[in-house]
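Peer 1: My questions concern the predicted model and sequence given below.
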Amino acid sequence: MFGIEDREYYGKRIPERYSGIADGCSKGRNELKKIDILLRNVAMIGNECFSECLLESLESIILPTTITKIGKADFDKCTILTTVNIPTNVSKIGDLCFNKCTRLTTVNIPTNVSKIGDLCFNKCTRLRTINIPTSVSKIGDGCFKECYSLKSINIPTRVRRIGYYCFFQCTSLTTINIPTSVTYIGNWCFAYCESLKSINIPTSVIEIGEYCFIGCSSLQSINIPTNVIEIGNNCFFGCSSLERIDIPTSVRRIREGCFYDCTSLTTINIPTSVIEIGDECFLGCSSLTTISIPSRVSLIGDSYFNGCLEELKEKEVLRKKYNNDCVIV
C-alpha cells in the first residue's frame, strides 16, 4: 500500500509494486502537479486520497484501468484540477469525490458506473457538460449543487429518485429530461435554477418535494403529473414567469406558500379533489384574476390571497371559507 509516509514518490510515478492507495495518501500536498498511477493491480483509491491539493497543485490525474471504485472525497477541493479520466471499470464514484473542483470543466462517466455519490460534483462552478451513462441508477443528494455553468443534463432511465438539492442553484441549466422511471423529485431539487424555462415531469412521478422549484424565475410552463397527491411547501415560490398552471385531479393538498410571488400567474384551476390549501398559498400573485376553488376545500390558510388583484373572482366562495382575506382580494 502506498501511504502518506512515502515522501520520495510525491510528484512522481507511484510504483507498480503497490496494490492500493491508502486513505488520505496525498491529502493537502500542495507540491503535487501531476499524478500518474501505473499500478496494474490497484482496484481502489482510499478516501480523501488527493483531497485538498490546493493552490499551484494537482492539475491532472491519470488512473489505471484496474480501478473499480473511487472513494469518498478523493479529489475534494482540488481547485486546480481541470482534467480527470475515470477508468472504464469504475462502478461507483464516492460522496464528495469532486467537491469544489472549481476548474473542472468536463467529465465523462464510463458505462459501468451505477452510483454517483452525494455532493459528488458540488460547487464545480465551471463544469459545463457531463454525460451520465444509462448504467447509472442512483444520483446522490446535492450531486450537482451549485454547478453554475452546467447548461444541460440527461437523467438515465434507471434512476428512480432525484435527490435533495440535486440541481440546486444550477443557474445556467436550461434543459433537463426526466425519464419515466423517476417517481420522486426531492426537496430543493431545482431551486434557483434561474435559466430553466420549462420542464416535463413524467406521469410516473408521485411526489414533488418542498421548495422544489423555488426561485426558478424563468420557468414559464410546467406540468404536474396525474399521480401527484400533494404539492409541497413553497414548491413554486418566486416563479415570476409562470403564467398558468393546471393541477391534476389526483392532488388533495396544496401546501403553504406554494405559488407565493408568482407575479405572472393569471389563471389557475384547482380540481375538486383538493381539500386543503395552505397558508400564503397565492400571496403576492399580483396578476391572478381567475381561480376556481372547489366546494370540498375545508381549510384555507392565513394570508391566502394577500397582494392579489381586486378583480379576482370567486369572492363568494372565499367569504364562506375565510372572511378576513376576502376584504383584501
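Peer 2: Yep, that arrived. Residues are numbered from 1 along each chain as shown.

Peer 1: Tell me where the stretch 1-150 of the chain has helices.
Peer 2: Assigned by DSSP state H, counting those that start in this stretch, the stretch 1-150 of the chain shows no helices.

Peer 1: what's residue 143 in contact with, if anything?
Peer 2: Contacts of residue 143 were listed using CB atoms under 8 Å, 6 or more residues apart in numbering, and they are 116-122, 163, 166. C-betas here are computed from N, CA, C, even on glycine.

Peer 1: Narrow the residues you listed to just the buried residues.
Peer 2: With neighbours counted using 16 or more other CB atoms under 10 Å, these contain these buried positions: 116-122, 163, 166.

Peer 1: The residues you listed: which two are farthest apart?
Peer 2: 121 and 163 (13.0 Å; CB to CB).

Peer 1: Chain neighbours aside, what residue packs nearest to residue 111?
Peer 2: Take residue 111 and drop its neighbours on the chain: the residue closest to it by CB to CB, 6 or more residues apart in numbering is residue 133, 4.4 Å away.

Peer 1: So what's the residue count around the one you found?
Peer 2: By other CB atoms under 10 Å, the residues close to residue 133 number 15.

Peer 1: Equivalent analysis for residue 200, please.
Peer 2: When neighbours are counted by other CB under 10 Å, residue 200 registers 11.

Peer 1: Could you measure from it over to residue 230?
Peer 2: Residue 200 sits 20 Å away from residue 230, taking CB to CB, to the nearest Å as the criterion.

Peer 1: Can you lay out the contacts of residue 143 as CSV showing distance to residue 255 and pLDDT?
Peer 2: As requested, these are exported to CSV (distance: CB to CB, whole Å; pLDDT from 0 to 100):
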residue, distance to residue 255, pLDDT
116, 30, 96
117, 30, 96
118, 26, 98
119, 27, 98
120, 30, 97
121, 30, 97
122, 28, 98
163, 20, 94
166, 20, 98
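
Peer 1: now, which of those sits nearest residue 288?
Peer 2: For the contacts of residue 143, the nearest to residue 288 is residue 166 (30.3 Å; CB to CB).

Peer 1: so who does the closest one touch?
Peer 2: Applying CB under 8 Å, 6+ apart, we find residue 166 in contact with 139-145, 186, 189-190.

Peer 1: In CSV: these, plus pLDDT and distance to residue 289.
Peer 2: CSV is the format used below for the contacts of residue 166 (pLDDT from 0 to 100; distance: CB to CB, whole Å):
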residue, pLDDT, distance to residue 289
139, 97, 40
140, 96, 43
141, 98, 39
142, 98, 39
143, 98, 40
144, 98, 38
145, 98, 37
186, 96, 33
189, 98, 30
190, 98, 28
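
Peer 1: need those in TSV with distance to residue 218, can you?
Peer 2: Below are the contacts of residue 166 laid out as TSV (distance: CB to CB, whole Å):
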residue	distance to residue 218
139	23
140	26
141	24
142	22
143	22
144	18
145	19
186	21
189	16
190	12
